[in-house]
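> Fold the following for me, if possible:
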Amino acid sequence: MEIGRGKTGRRAYSLDEIGIVPARRTRDPEEVSIAWQIDAYRFQMPLIACPMDSVVSPKTAIAIGKLGGLGVLDLEGLWTRFEDPEPVLAEVTELGEEAATRRLQEIYAEPIKEELIGRRIEEISRAGVITAAALSPQRTARYYKAVLDAGADIFVIRGTTVSAEHVSGRAEPLNLKQFIYELDIPVIVGGCATYTAALHLMRTGAAGVLVGFGGGSGHTTAAVLGVAVPMATAIADVAAARRDYLDESGGRYVHVIADGSMTRSGDIAKALALGSDAVMVGSPFARSAEAPGRGFHWGSEANHPELPRGARVKVGEIGTLEQVLFGPSTVPDGSMNLMGALKRTMATAGYTELKEFQRVEVVVTPPAPRPR
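Numbering: from 1, shown residues only. Below is the predicted model:
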């Protein structure tokens with residue numbers, strides 16, 4: 001598409017512009033399976049809670065795990081900086097809008113304590129659920145041994161944009177291919193938003209690749225950096241990279257995990273229909289009564305010391321974690337009973353398995369107005 005005489009660009013689509021086509025033969029929602037497996041770990045739903053302090057604490061990671069999902073703890077968050085982060089969490093929720101970003105920067109300037117990394121992971125692991133923890137690429141080399149020693153099951157390397165070929169004249173970059181090869185646990189890495197970047201990440205040996213820039217509702221990367229790829233196009237491109245890598249590698253399957261831009265049950269269904277194997281979401285969990293953010297939501301981008309690319313936003317509380325996931329819903333906007341809605345979507349489209357559902361017909365539609 002021509003932007004002007006000197007520049008062309010490809011038309012890309014957001015999830016709001018995608019519609020799932022119902023089938024002539026529908027299914028009973030009770031016969032639909034939404035189970036998902038990555039490496040040796042099987043989950044009852046394809047839902048991962050974002051590594052954000054407003055979403056995942058050791059306690060909520062355990063609760064999400066017992067409900068059949070996966071909660072990922074941010075090892076650069078408040079739980080590894082403070083012995084008792086509860087007073088700090090309470091303060092964050094009481095900050096005024098103008099003071100929030102500056103105070104978040106001050107709070108997150110507290111150093112990470114390596115002994116707390118092991119203690120938090122062990123706390124989750126002792127509860128008998130699958131344990132996942134996340135580090136940014138910049139801190140992975142420094143702290144990954146503490147993650148392994150504590151017995152984490154899945155390791156997540158998550159950043160706004162993660163490259164398999166990062167070049168730096170200031171420091172030795174993380175060699176993802178060598179690093180992942182030497183680990184004995186599955187690694188999920190991202191984000192990425194293009195076919196080429198995803199293919200390179202898959203070649204590192206990652207078990208899963210995160211699609212998108214994360215952050216969701218409070219993310220301002222597009223406004224601050226001008227970097228943006230609409231989610232529907234990003235998922236479809238990365239799913240194509242998965243298909244081609246499957247052929248290239250002789251049958252190695254890398255899971256595609258959509259990360260960001262999903263606040264309603266319909267968004268989750270569309271992301272899976274476009275080719276993702278699972279989704280990583282934040283704000284739906286942040287709205288639960290058990291969420292550590294207490295009705296507020298923010299990501300690590302909000303406290304960057306030099307260039308914040310996120311905000312603390314008020315999302316409110318709508319119900320328990322179990323209600324958010326499995327209902328019953330008391331609102332008609334798709335923010336509750338996320339998994340019940342997914343089952344109904346799949347049944348309406350005529351599918352009973354997630355992998356089959358990736359073949360569903362979709363259409364491009366004008367974006368519908370979001371419910372307030």
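> residues contacting the closest residue to V21 other than its chain neighbours?
Excluding the flanking residues, the one nearest V21 by CB to CB, 6 or more residues apart in numbering is E361, at 4.0 Å. C-beta here means a position set from N, CA and C on the backbone, and glycine is covered the same way. By CB atoms under 8 Å, 6 or more residues apart in numbering, the contact list for E361 reads I20, V21, A349.
> Compute the distance between E361 and T352, please.
According to CB to CB, to the nearest Å, E361 and T352 sit 16 Å apart.
> Also R11?
Distance, R11 to T352, by CB to CB: 33 Å.
> When the two are compared, which one has more neighbours?
T352 (16 against 8; other CB atoms under 10 Å).
> pLDDT below threshold where in the protein?
In the predicted model of the chain, residues 161, 163-173, 214-227, 305, 308, 368-372 satisfy pLDDT under 70.
> Alpha carbons only: can I get whichever helix in it runs longest in CSV?
Assignment by DSSP state H gives helix 231-248 as the longest helix of the chain. Output in CSV follows, covering the C-alpha atoms of helix 231-248 (Å, rounded to 0.1, in the frame of the first residue of the first chain):
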residue,chain,number,x,y,z
MET,A,231,-2.0,-8.0,16.9
ALA,A,232,-4.0,-10.0,14.4
THR,A,233,-1.4,-9.6,11.6
ALA,A,234,1.5,-10.3,14.1
ILE,A,235,-0.1,-13.6,15.2
ALA,A,236,-0.8,-14.7,11.7
ASP,A,237,2.8,-13.9,10.6
VAL,A,238,4.4,-15.7,13.5
ALA,A,239,2.1,-18.7,13.0
ALA,A,240,3.4,-18.8,9.4
ALA,A,241,7.0,-18.8,10.8
ARG,A,242,6.0,-21.8,13.1
ARG,A,243,4.7,-23.7,10.1
ASP,A,244,7.9,-23.1,8.1
TYR,A,245,10.2,-23.8,11.0
LEU,A,246,8.3,-27.1,11.5
ASP,A,247,9.4,-28.1,8.0
GLU,A,248,12.9,-26.6,8.3
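> Same question for it: list its buried residues.
Buried residues in helix 231-248, counted by 16 or more other CB atoms under 10 Å: M231, A232, T233, A234, I235, A236, D237, V238, A239, A241, R242, Y245.
> Same question for stretch 109-122.
Judged by neighbour count using 16+ other CB under 10 Å, the buried positions of stretch 109-122 are I112, L116, I117, G118, R119, R120, I121.
> just stretch 19-33 next, same as before
Neighbour-count burial for stretch 19-33, counted by 16+ other CB under 10 Å, picks out G19, I20, R27, P29, V32.
> How many residues are close by the closest residue in space to the second one that isn't next to it in sequence?
Think I20. Using CB to CB, 6+ apart and skipping the chain neighbours, the partner closest in space to I20 is A273 (5.3 Å). Neighbourhood size, A273 [other CB under 10 Å]: 25.
> repeat for the one 5 residues further on
A total of 26 residues lie near A278 under the criterion other CB under 10 Å.
> how close does the closest residue to it other than its chain neighbours sit to V55?
Spatial nearest neighbour of A278, excluding adjacent residues (CB to CB, 6+ apart): P46 at 3.8 Å. According to CB to CB, P46 and V55 sit 17 Å apart.
> Strand partners (parallel or antiparallel) of the helix or strand just after the longest helix of the chain?
Moving toward the C-terminus from helix 231-248, the next helix or strand (DSSP states H and E) is strand 255-259. Each strand paired with strand 255-259, and its direction, by DSSP bridges: strand 208-211 (parallel), strand 278-281 (parallel).
> So if I had to pick from P46 and V55, which one is more boxed in?
V55 (30 against 27).
> For that one, list the residues it contacts.
Counting by CB under 8 Å, 6+ apart, V55 touches A49, G71, G282, F285, A286, A291, P292, G293, H297.
> and if we set it to 7 Å?
Shown in contact with V55 (CB atoms under 7 Å, 6 or more residues apart in numbering): A49, G282, F285, A286, A291, G293.
> can you map out the helices along the protein?
Going by DSSP H, the chain shows helices at 58-66, 86-94, 97-107, 114-126, 137-149, 176-181, 195-202, 221-225, 231-248, 265-273, 283-286, 321-326, 338-349, 354-357.
> Point out the most buried one among these.
Stretch with highest mean neighbour count among the helices of the chain: helix 283-286 (a mean of 29; mean count of other CB atoms under 10 Å).
> who touches that one?
Here helix 283-286 makes contact (CB under 7 Å, 6+ apart) with 49, 54-55, 216-217, 263, 291, 293, 297, 315, 324, 335, 338.
> What separation is there between the residue nearest to K66 when sequence neighbours are not counted and H200?
Of all residues not flanking K66 in the chain, V129 sits nearest, at 6.1 Å (CB to CB, 6+ apart). Here V129 is placed at a distance of 32 Å from H200 (CB to CB).
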